[in-house]
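Undergrad: just to be clear, the model below is a prediction. Sequence and coordinates:
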Amino acid sequence: MNGIIVMDKPAGFTSFDVVAVMRGVCHTKKAGHTGTLDPMATGVLPLLFGSATRAASLLPDTGKEYVAGFKLGFATDTQDITGKTTAQSGVRVKREDVEGVLPMFRGEIMQAPPMYSAVSVGGKRLYELARKGIEIERQKRPVSIYTLELLDFDENDMSGRLKVSCSKGTYIRTICSDIGDALKTYGVMSSLRRTRAGIFAESDCVTLDAAKRLSAEGKLSDILLPVETLFVPYPQLRVSEAQAKRFTNGGALKISYTALRDTNAGEGDIYRIMSPDGVFLGLGNICGEDVRILRLFTQGR
């Protein structure tokens, strides 16, 4: 079984829990996911099976989108409502106050990863230190916030929802916490749903129950997407039969003998290499005067 199934992750499951369940559903050992979601989060979680697992390190960074609930007035050690309350504030804010601080968090910003995260510092995962009550200084990292909109805000309850589209590696709960800081109070994330991951949206998702039912009916192929789907952002390069054979046997292709000869293909550019009849062979990248193999995805490789 080779390909992708886009799951709608349920709350209370880790991403690895979903992978473990789907290994059984799909009767395969070779499976993984493309990006961790916290246990409290729901939504788009693409799973990779068979040869697709070799694609994980090559995925184009096309960003993610979320709808996040937040609540003001208190802080927790995890920056979300599942954590232990560490501080409280009686400061009241209005919707326009929240709207007023959002521009601070749009564009490219510097963000410190939360202590309860899988980021490694000095060979230790931050969450391992956090569980021991140890907090260390974290170096801020650049992340990009493409969209940050306030969907609604209840001034009585001091809670609301945000729509966020962002680059890989962005911590939404940290945004909620930082918004609280900017408002001279505290903030935590109260819910999180990932509505898009790269090219995959909620409309592509299936639930665990639906996947189990399709498996029992022998219809899992109905929801299995081809490996090539992961690389749609990369342009195609269709090659001749001889070139396809050379490429799948590990050989580089001369750019001057391909359809790229009269283009401005640049060093390092990545292409989906297609056979004459449109079969996805793998990824190639420009290296000097050649198109070299980046990764093969043909049957048996």
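TA: Alright, I've got the coordinates. Numbering: from 1, shown residues only.
Undergrad: low pLDDT regions in the stretch 151-300 of the chain?
TA: In the prediction, the stretch 151-300 of the chain carries residues with pLDDT under 70 at positions 299-300.
Undergrad: next, the buried residues of stretch 189-209.
TA: Within stretch 189-209, the residues scored as buried using 16 or more other CB atoms under 10 Å are 189-200, 202, 204-206, 208. C-betas here are computed from N, CA, C, even on glycine.
Undergrad: right, I mislabeled it, should have said stretch 24-31
TA: Along stretch 24-31, these residues count as buried under the neighbour rule (16+ other CB under 10 Å): V25, C26, A31.
Undergrad: what of stretch 167-179?
TA: When neighbours are counted by 16+ other CB under 10 Å, the buried residues of stretch 167-179 are found to be T170, Y171, I172, R173, T174, I175, C176, S177, D178, I179.
Undergrad: dump the residue contacts of the third one.
TA: When contacts are counted by CB atoms under 8 Å, 6 or more residues apart in numbering, I172 touches Y66, A68, L162, V164, C166, M189, L192.
Undergrad: in the chain, which spans are helices?
TA: According to DSSP state H, the chain carries its helices in the segments 15-26, 95-101, 126-131, 172-182, 208-216, 241-248.
Undergrad: tell me the helices and strands packed up against the second one.
TA: When you say that, I think you mean helix 95-101. strand 141-154, helix 172-182 (3 or more CB pairs under 8 Å, 6 or more residues apart in numbering; DSSP states H and E).
Undergrad: what about 6 Å?
TA: With contacts defined as 3 or more CB pairs under 6 Å, 6 or more residues apart in numbering; DSSP states H and E, the packing partners of helix 95-101 are strand 141-154.
Undergrad: neighbouring strands of the strand it packs on in the sheet, and parallel or not?
TA: strand 107-111 (antiparallel), strand 159-166 (antiparallel) (DSSP bridges).
Undergrad: in the longest one, what's buried?
TA: Spelled out, that is strand 159-166. By neighbour count with 16+ other CB under 10 Å, strand 159-166 contains the buried residues S159, G160, R161, L162, V164, S165, C166.
Undergrad: so what's the fifth one bridging to?
TA: With DSSP bridges applied, the residues forming beta bridges to V164 are Y66, L148.
Undergrad: who's in contact with it?
TA: Neighbour list for V164: Y66, L148, I172 [criterion: CB atoms under 6 Å, 6 or more residues apart in numbering].
Undergrad: show me which of those residues is closest to Y257.
TA: Distance from Y257 was checked for each of the contacts of V164 by CB to CB. The minimum falls on Y66, at 45.3 Å.
Undergrad: you'd agree the closest one is up against A197?
TA: No - counting by CB atoms under 6 Å, Y66 does not reach A197; the two are 9.7 Å apart.
Undergrad: Q139: neighbour count?
TA: For Q139, the tally of surrounding residues (other CB atoms under 10 Å) stands at 9.
Undergrad: try the one 10 residues further on
TA: Using other CB under 10 Å, E149 has 13 other residues around it.
Undergrad: and the strands in the stretch 201-301 of the chain, which stretches?
TA: Listed in chain order, the strands found in the stretch 201-301 of the chain under DSSP state E, counting those that start in this stretch are 236-238, 253-254, 270-274, 280-287, 290-296.
Undergrad: any idea how far R173 is from the spatially most central residue of the chain?
TA: Centre of the chain computed as the mean C-alpha position; nearest residue by CA atoms, centre = their mean is G35, 4.3 Å away. The spacing between G35 and R173, counted by CB to CB, to the nearest Å, is 15 Å.
Undergrad: rewinding a little: pLDDT score for the residue nearest to the centre of the chain?
TA: The pLDDT attached to G35 in the predicted structure is 81.
Undergrad: residue contacts, it?
TA: Neighbour list for G35: empty [criterion: CB under 6 Å, 6+ apart].
Undergrad: got the phi and psi for it?
TA: phi 170, psi 130 (degrees, to the nearest 10).
Undergrad: how close does it get to T53?
TA: Looking at G35 against T53, where the rule is CB to CB, the gap reads 14 Å.
Undergrad: I'd like the distance between F49 and R173.
TA: Taking CB to CB as the criterion, F49 is separated from R173 by 30 Å.
Undergrad: do L162 as well
TA: With CB to CB as the criterion, L162 and R173 are 11 Å apart.
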